[in-house]
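Peer 1: Fold the following and give me the result.
(one chain, ligands or ions: 1)
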Amino acid sequence: MRKYIGILTSGGDSPGLNAAIRGVGKAALGFYGMQVIGFRDGFRGFMENRTMELNEEMLSGILTQGGTILGTSRDKPHRMPVGGKVVDVTDIIVDNYRQHHLDVLVCLGGGGTQKNALRLAEKGLSVITLPKTIDNDVLLTDASFGFDTALGIATEAIDRLHSTAHSHHRIILVEIMGNKVGWLALGAGVAGGADAILIPEIPYDVGRVADAIRDRSRRGKRFSIVAVAEGAISKQEEAVLHAATEKVRLARGGKARAKAEAELEALEAQRPGHTMRLAERLEELTGLESRLTILGYLQRGGTPSAADRLLATRLGTACADLIDKGQYNVMVAARGDTTRPVALEEVTKKLKVVPRDHPWIGAARRVGTCMGD
Ligand code: F6P
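Peer 2: Predicted coordinates for the structure are as follows:
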């Protein structure tokens, strides 16, 4: 019997999403003779039953386009803001799935999407996910599409910042996305030859960073580039946050817990702007003028790289193969040159952080890059 597939994109947009939609869709429609329907704006559009027909024509010409033709949102089925309240709309989503007589829902997204898909699988829906993220933090896959493109953009930014930092004898800090992990800052920092790279996995000592910059000055290098992951944290800040997190964990309910949570929230609210404060501190400590560039959403925009198009097409078409076999409730992971289905329960256990002994860190240290510790 002809299979009927629903597809949505959820979480932050990322280059390669359209290539993946095309990969799933073209293989499903043309190769397997299945039917495909798109849902707009992630789980919110699914809940609101906003659909988009995905036929050959719609899937044509999108391989090279950034963003997602389906639109996306960060809404979660179990905590959806509706009419001023946050409600659990899972039952509505389950009803819509049944109404459309879907055999499977394909969810393209990062860590949060994997968790949301697992929750739907636990409610009896059949789901398959693909790993999409510029952060590269999805577990059990060699790669996620979006990362390679963002890596190229961040590396090019560091290249361009070199000449202006050199001309003005300045320290230039470049803040690079990555949420709670440092893959993007580390990769771009190594590829772009940053003089210091600060990532959340290695809390930094600002004195050490200043020493490295002063040392460069003594050797006649009167500028420095510091690649800072948006989640980078100093040793001191990390100790304070850790203590506050422990307080929440140990609080025995009621007022004590609410107070501990409020304290933690207040500390987290101080995090935005930390790279600016670091720039000011480095200027004080080194006497060199400092400037900050925040790359932000530039890293998520535009045409996907060849590697991301290739990965998204491999994963998307492998997804259609799994649907044909009826293998559901898995993420399609990249392993070497092949793909592999991985149970969603395994993928969602934790984030893929940068191990402290990762070869990229080893390489950075060997070429003399300061890692802040
Ligand atoms: O997960 C991708 C990402 O770009 C992170 O690097 C960043 O922390 C976050 O999304 C930004 O989220 P938003 O798009 O909701 O502002």
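Peer 1: Helices along this structure, start to end?
Peer 2: Residue ranges of the helices in the chain, as given by DSSP state H, are 17-26, 42-47, 56-59, 90-99, 111-122, 147-168, 183-192, 206-218, 235-250, 254-269, 274-286, 306-325, 344-347, 359-366.
Peer 1: quick one: which of those helices is nearest residue 337?
Peer 2: Comparing the helices of the chain by their distance to residue 337 (C-beta to C-beta), the top pick is helix 306-325, with 8.8 Å. No exception for glycine: its C-beta is placed from N, CA and C like everyone else's.
Peer 1: Tell me what angle that closest one forms with helix 147-168.
Peer 2: An angle of 160 degrees separates the directions of helix 306-325 and helix 147-168 when computed by axes from the mean of the first three to the mean of the last three C-alpha atoms, to 10 degrees.
Peer 1: so who does the residue in the chain that the ligand sits nearest to touch?
Peer 2: In the chain, the residue that lies nearest the ligand is residue 177 (3.4 Å; C-beta to the nearest ligand atom). Taking C-beta atoms under 8 Å, 6 or more residues apart in numbering as the contact definition, residue 177 lies against 134, 135, 150, 184, 230, 295, 296, 299, 300.
Peer 1: May I see those organised as TSV, with pLDDT added?
Peer 2: Supplementary listing: the contacts of residue 177 in TSV, determined by pLDDT from 0 to 100:
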residue	pLDDT
134	98
135	98
150	98
184	98
230	97
295	98
296	97
299	97
300	97
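Peer 1: Switch the residues you listed over to TSV; also include distance to residue 272 and neighbour count.
Peer 2: Output for these, formatted as TSV (distance: C-beta to C-beta, whole Å; neighbours: other C-beta atoms under 10 Å):
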residue	distance to residue 272	neighbour count
134	19	30
135	17	26
150	20	31
184	18	29
230	9	23
295	15	20
296	12	12
299	17	23
300	18	20
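Peer 1: can you tell me which of those residues are in strands?
Peer 2: Among these, no member is found in strands (DSSP state E).
Peer 1: ok, and of these, which contact the ligand?
Peer 2: When the contacts of residue 177 are checked against the ligand using C-beta under 6 Å from any ligand atom, the ones in range are 134, 135, 230, 300.
Peer 1: Spatially nearest residue to the first one, not counting backbone neighbours?
Peer 2: For residue 134, the nearest residue in space outside its immediate sequence neighbours is residue 150; the separation is 3.8 Å by C-beta to C-beta, 6 or more residues apart in numbering.
Peer 1: picking up where we left off before, can the contacts of residue 177 go into CSV with extra columns for distance to residue 204?
Peer 2: Output for those, formatted as CSV (distance: C-beta to C-beta, whole Å):
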residue, distance to residue 204
134, 22
135, 19
150, 22
184, 17
230, 14
295, 19
296, 21
299, 21
300, 25
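Peer 1: Make sure residue 275 is actually in contact with residue 173.
Peer 2: Yes: taking C-beta atoms under 8 Å as the definition, residue 275 is a contact partner of residue 173 at 5.8 Å.
Peer 1: more neighbours, the two?
Peer 2: Counted by other C-beta atoms under 10 Å, residue 275 and residue 173 do not tie: residue 173 has more neighbours, with 26 against 20.
Peer 1: thinking the more buried one is in contact with residue 281, fair?
Peer 2: No: at 10.5 Å, residue 173 does not count as touching residue 281 under the criterion of C-beta under 8 Å.
Peer 1: coming back round to it: give the residues shared as contacts by residue 275 and residue 173.
Peer 2: Residues touching both residue 275 and residue 173 by C-beta under 8 Å, 6+ apart: 228, 292.
Peer 1: can you pull the contacts of the residue nearest the centre of the chain?
Peer 2: For the chain, the residue whose C-alpha lies nearest the mean C-alpha position (C-alpha atoms, centre = their mean) is residue 135; its distance is 3.2 Å. Under the criterion of C-beta under 8 Å, 6+ apart, the contact partners of residue 135 comprise 110, 144, 147, 177, 178, 179, 181, 183, 184.
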